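Undergrad: Need coordinates for the following:
(chains A and B)
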Amino acid sequence: NAGVTQTPKFQVLKTGQSMTLQCAQDMNHNSMYWYRQDPGMGLRLIYYSASEGTTDKGEVPNGYNVSRLNKREFSLRLESAAPSQTSVYFCASSEARAERGPQHFGDGTRLSIL
Amino acid sequence: AQSVTQPDIHITVSEGASLELRCNYSYGATPYLFWYVQSPGQGLQLLLKYFSGDTLVQGIKGFEAEFKRSQSSFNLRKPSVHWSDAAEYFCAVGAVEGGKLIFGQGTELSVKP
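TA: Okay, here's the model as predicted:
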């Protein structure tokens, strides 16, 4: 089983460029999440989606937008990348209600912004 | 406000020794509590979770954790560590209002042969 698949795995951007991080899960999960991981700070929730068609802000949503395209896919967009957005981004999903936390994580997208 | 503290940034144990990773939380009501493990270059894997009921929770890979309300703690334990347990471990606390888990800063575990 593929689980949670993220693309791309690595990306380098220049300040001001835009890009979309893709995430897809094949487990028929309702809830999906986007986190960023920075050294010494654990994971911080950017956005989450409790079900198809709904999204909600997390702890650090500024500078990001999301789209829950369908039940499988949840994309994260950086409209105008800034060096502070250099991070490792993880997508996750869960079968249960969102408050019960993510169950499965992708392997991450390592994003550098110059 | 919710918060999670993992007091130990890095721990080294010998293979075969017992392990306890500490986690303290701050939350007004009974929290949802989680432990995740992350191997280098990979995403997180859910080890175990506590929602209610029995305060001793069994997880995967031989791990267990005990919820102690009086101490606001949810420490992770394993009786005998294997070299493959070397990884970073994250404790997290969840709020009832949505999937807004708060993660601790992580504890990196090294295992000596």
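Undergrad: Give the other helices and strands that the lowest-mean-pLDDT helix or strand in chain B contacts.
TA: Sorted by mean pLDDT, DSSP states H and E, the helices and strands of chain B end with strand B:102-103, the least confident at a mean of 88. Packing contacts for strand B:102-103, counted by 3 or more C-beta pairs under 8 Å, 6 or more residues apart in numbering or on different chains; DSSP states H and E, involve strand B:3-5, strand B:87-94. Yep, even glycine has a C-beta here, placed from its N, CA and C like the rest.
Undergrad: Strand partners (parallel or antiparallel) of that strand?
TA: Applying DSSP bridges, strand B:102-103 is found paired with strand B:87-94 (antiparallel).
Undergrad: The most centrally placed residue in chain A: what secondary structure?
TA: When C-alpha atoms, centre = their mean is applied to chain A, the residue found nearest the centroid is A:W34 (2.8 Å). With DSSP: H, G, I helix; E, B strand; the rest coil as the basis, A:W34 sits in strand.
Undergrad: Okay, and the beta partners of it?
TA: For A:W34, the beta-bridge partners under DSSP bridges are A:Y47, A:C91.
Undergrad: where do the strands sit along chain A?
TA: Ranges of strands in chain A, per DSSP state E, are A:4-7, A:10-13, A:19-25, A:31-37, A:43-49, A:56-57, A:64-68, A:74-78, A:87-94, A:104-105, A:109-113.
Undergrad: would TSV of those with mean pLDDT be doable?
TA: Converted to TSV, those look like this (pLDDT from 0 to 100):
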stretch	mean pLDDT
strand A:4-7	96
strand A:10-13	96
strand A:19-25	97
strand A:31-37	94
strand A:43-49	92
strand A:56-57	91
strand A:64-68	96
strand A:74-78	97
strand A:87-94	94
strand A:104-105	91
strand A:109-113	96
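Undergrad: Can I get those strands in JSON lines including distance to B:E88?
TA: Formatted as JSON lines, those follow (distance: least, C-beta to C-beta, whole Å):
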{"stretch": "strand A:4-7", "distance to B:E88": "19"}
{"stretch": "strand A:10-13", "distance to B:E88": "20"}
{"stretch": "strand A:19-25", "distance to B:E88": "22"}
{"stretch": "strand A:31-37", "distance to B:E88": "10"}
{"stretch": "strand A:43-49", "distance to B:E88": "11"}
{"stretch": "strand A:56-57", "distance to B:E88": "27"}
{"stretch": "strand A:64-68", "distance to B:E88": "24"}
{"stretch": "strand A:74-78", "distance to B:E88": "23"}
{"stretch": "strand A:87-94", "distance to B:E88": "12"}
{"stretch": "strand A:104-105", "distance to B:E88": "13"}
{"stretch": "strand A:109-113", "distance to B:E88": "16"}
